[in-house]
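# Quick one: sequence and predicted model below, then my questions.
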Amino acid sequence: MPDDIALAVEGVGHHFGAATVLKDCTLGVPAGAVAALVGRNGAGKSTLLRAAAGVLRPYRGTVRVFGRPAGPDVLRRIGFVAQHAPLFRTLTVAETLRLGARLNPRWDAAHARRLADAAALPDRARVGALSTGQRTRLALALALGKRPDLLILDEPLAGLDPVARAEVTGALMGEVAERGVTVLLSAHVVADVESVCDHVVVLAGGRAVLSAPVEAALDAHRLAVGPARDAAALAGHDVVELRRDGAEFTALVRAAGPPPGGTAVAWHRPTLEELLLAHLRADRPQPAPEVSAA
Ligand SMILES: Nc1ncnc2c1ncn2[C@@H]1O[C@H](COP(=O)(O)OP(=O)(O)OP(=O)(O)O)[C@@H](O)[C@H]1O
């Protein structure tokens, strides 16, 4: 059913001039998920989010939102906050919300007002005079006032102090709990991913090398640590990243069956940080299959 998958990206490729940013990128975000998009600087996260929001048309592949092609038809179902929460700096908070009402047929003024009040945004303050945290809260109120089914946020927590981070994630979680909105947000801080997200997408080498529910992703990997002389125990395993440190090695592998015995190698379920770091460092060119939630 198309409505089970909020966002389906298939074979998307995009380049800016000679620089290829996305290559055969495929991933799915289930409806109701809070998904983190993780990737190194310049990995193409903003490009992918803009394609998902329908504001950038990729050169190749398809992007579907609740089963329909991204673009004008589904725009009203999407709330998009681009990087640095761009808003009109000369407008006041009240004028910004009124603009939201004018531009969006499904506008929920009471909801936008509640969110602005919860953020203690002064009606008459100019956007240009707001702090980064206040601007993010206003951009969120604007995006959520649309009553979107899919909320796409490009680094919503960047530049926020710990209190503002907690307030923004609290507002997001409230929205998810009350309305079941699907969220896709890009993030650099593993703790943010851990505290907010239940699904993770890792973008590396222009592809989604991992796209899965967080717990399933952790279950599907093992961290192997052992003496370098036992590195042969990795033979036959799908190694994501292998690092040697003196006489020891550490490897992240895709788990396939029980770990082999007979060596001094210890096999652990990785932490989310170990999983993400290994994938980001490896920057593998080949795509990984989706991991099932089972
Ligand atoms: N409009 C554009 N014109 C030319 N190059 C662009 C444009 N937008 C992005 N790029 C380039 O595409 C690459 C990917 O950029 P993108 O912003 O999507 O990455 P990102 O993963 O969001 O990075 P970051 O984490 O640093 O925000 C970068 O090399 C960037 O310089």
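Everything's here; your move. A quick note: this is a predicted structure, and the numbers were derived from the prediction, not measured.
# so residue 47 is in which element?
helix 45-53 (DSSP states H and E).
# Could you give the average pLDDT over that helix?
For helix 45-53, mean pLDDT rounds to 96.
# Centre of the chain to it, how far?
10 Å (C-alpha atoms, centre = their mean, to the nearest Å).
# what does stretch 46-55 give?
Distance, centroid of stretch 46-55 to centroid of chain: 12 Å (C-alpha atoms, centre = their mean).
# so does it get close to the ligand?
Yes. Judged by C-beta under 6 Å from any ligand atom, stretch 46-55 comes into contact with the ligand at 46-47. C-beta here means a position set from N, CA and C on the backbone, and glycine is covered the same way.
# Contacts for that stretch, please.
Here stretch 46-55 makes contact (C-beta atoms under 8 Å, 6 or more residues apart in numbering) with 7, 9, 12, 14, 21-22, 25, 37, 56-58, 63, 65, 70-72, 74-75, 78, 80, 82-83, 152, 154, 184, 186, 203.
# And that stretch, what's buried?
Of the residues in stretch 46-55, 46-54 count as buried by neighbour count, 16 or more other C-beta atoms under 10 Å.
# Let me see the domain layout of the chain.
Partitioning the chain according to automatic domain parsing yields domains covering residues 2-215, 220-282.
# and the first one, how far from the chain's centre?
For domain 2-215, the distance between its averaged C-alpha position and the chain's averaged C-alpha position is 8 Å (C-alpha atoms, centre = their mean).
# before we move on, what about the shortest one?
What separates the centre of domain 220-282 from the centre of its chain is 26 Å, taken as C-alpha atoms, centre = their mean.
# For ChimeraX, write the selection for the buried entries among the contacts of stretch 46-55.
Of the contacts of stretch 46-55, the buried ones can be selected in ChimeraX as follows, counting by 16+ other C-beta under 10 Å:
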select :7,9,12,14,21,22,25,37,58,63,65,70,74,75,78,80,82,152,154,184,186,203
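# Just the contacts of stretch 46-55: which are in helices?
Secondary structure assignment by DSSP state H places none of the contacts of stretch 46-55 in helices.
# ok, which of the contacts of stretch 46-55 also contact the ligand?
residue 21.
# wait, residue 135 sits on residue 127?
Yes. With contact defined as C-beta atoms under 8 Å, residue 135 reaches residue 127; the gap is 6.5 Å.
# got any residues that touch both of these two?
Common contacts of residue 135 and residue 127 (C-beta under 8 Å, 6+ apart): residue 87.
# Up against the ligand, what does the stretch 1-150 of the chain have?
Residues of the stretch 1-150 of the chain lying near the ligand by C-beta under 6 Å from any ligand atom: 16, 19, 21, 39, 41-47.
# how about a markdown table for these, with distance to residue 145 added?
Output for those, formatted as a markdown table (distance: C-beta to C-beta, whole Å):
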| residue | distance to residue 145 |
| --- | --- |
| 16 | 32 |
| 19 | 36 |
| 21 | 31 |
| 39 | 29 |
| 41 | 31 |
| 42 | 32 |
| 43 | 31 |
| 44 | 29 |
| 45 | 25 |
| 46 | 23 |
| 47 | 26 |
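# For ChimeraX, write the select line for the buried members of those.
Applied in ChimeraX, the following selects the buried portion of these according to 16+ other C-beta under 10 Å:
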select :21,39,43,44,45,46,47
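# Quick one: mean pLDDT over the helix or strand hosting residue 172.
Residue 172 is located in helix 162-179, with elements delineated by DSSP H and E. Taken as a whole, helix 162-179 has a mean pLDDT of 87.
# which of the residues in it are buried?
Quick answer for helix 162-179 (16+ other C-beta under 10 Å): 164-165, 167-169, 171-172, 175-176.
# Can I get that helix in CSV, CA atoms only?
Only the C-alpha atoms of helix 162-179 are listed here, as CSV (Å, rounded to 0.1, in the frame of the first residue of the first chain):
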residue,chain,number,x,y,z
PRO,A,162,21.1,22.1,24.9
VAL,A,163,17.9,23.7,26.2
ALA,A,164,16.8,24.7,22.7
ARG,A,165,17.6,21.2,21.4
ALA,A,166,15.5,19.6,24.1
GLU,A,167,12.6,22.0,23.3
VAL,A,168,12.8,21.5,19.6
THR,A,169,13.0,17.7,19.9
GLY,A,170,10.1,17.8,22.5
ALA,A,171,8.0,19.8,20.0
LEU,A,172,8.8,17.2,17.3
MET,A,173,8.0,14.3,19.5
GLY,A,174,4.7,15.9,20.5
GLU,A,175,3.8,16.1,16.9
VAL,A,176,4.7,12.5,16.2
ALA,A,177,2.7,11.3,19.2
GLU,A,178,-0.3,13.4,18.5
ARG,A,179,-0.6,13.2,14.8
